[in-house]
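**Q** One predicted model, sequence on top.
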Amino acid sequence: MTKPLDSRLKALESRLSPSPELLTIVRTVVYPDGTQAEIQTLQDKKGNNWQLLPGETEHAFVERVKTEAWRNEWGVIALVGL
């Protein structure tokens, strides 16, 4: 591969890699009394669905989905949790 092509590929790949600066929005149901059920399912804007695995914490579940979910052109993931 030529040098200019290598550097362009590296620049593109770096944009695809998750980074701490990227935003993830998780919308869930909160009841009027302030309680919130644990998220069992997450869905992204493309319609991809994920299920909470047995023994998986909610935090670990969201982190796992963040690595797979679709990001828009600004690097934002919008997830709906049920």
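**A** Right, received. Where do you want to start?

**Q** Which parts of the protein are helices?
**A** 3-16, 58-68 (DSSP state H).

**Q** Let's see the longest one as CSV, backbone CA atoms only.
**A** In CSV, the C-alpha atoms belonging to helix 3-16 read as follows (Å, rounded to 0.1, in the frame of the first residue of the first chain):
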residue,chain,number,x,y,z
LYS,A,3,1.8,5.9,2.2
PRO,A,4,-1.0,8.4,1.5
LEU,A,5,-3.5,5.5,1.3
ASP,A,6,-2.2,4.0,4.6
SER,A,7,-2.6,7.3,6.4
ARG,A,8,-6.1,7.8,4.9
LEU,A,9,-7.2,4.3,6.0
LYS,A,10,-5.8,4.9,9.5
ALA,A,11,-7.7,8.2,9.8
LEU,A,12,-11.0,6.4,8.7
GLU,A,13,-10.4,3.5,11.1
SER,A,14,-9.8,5.8,14.0
ARG,A,15,-13.2,7.4,13.4
LEU,A,16,-14.9,4.0,13.6
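
**Q** Which secondary structure elements does it sit against?
**A** Of the remaining helices and strands, none touches helix 3-16 by 3 or more C-beta pairs under 8 Å, 6 or more residues apart in numbering; DSSP states H and E. From N, CA and C alone the C-beta is placed, and that goes for glycine too.

**Q** Distance from the chain centre to the lowest-mean-pLDDT helix or strand in the chain, please.
**A** Least confident helix or strand of the chain, by mean pLDDT, DSSP states H and E, is helix 3-16 with a mean of 77. Relative to the chain's own centre, helix 3-16 is displaced by 23 Å; criterion: C-alpha atoms, centre = their mean, to the nearest Å.
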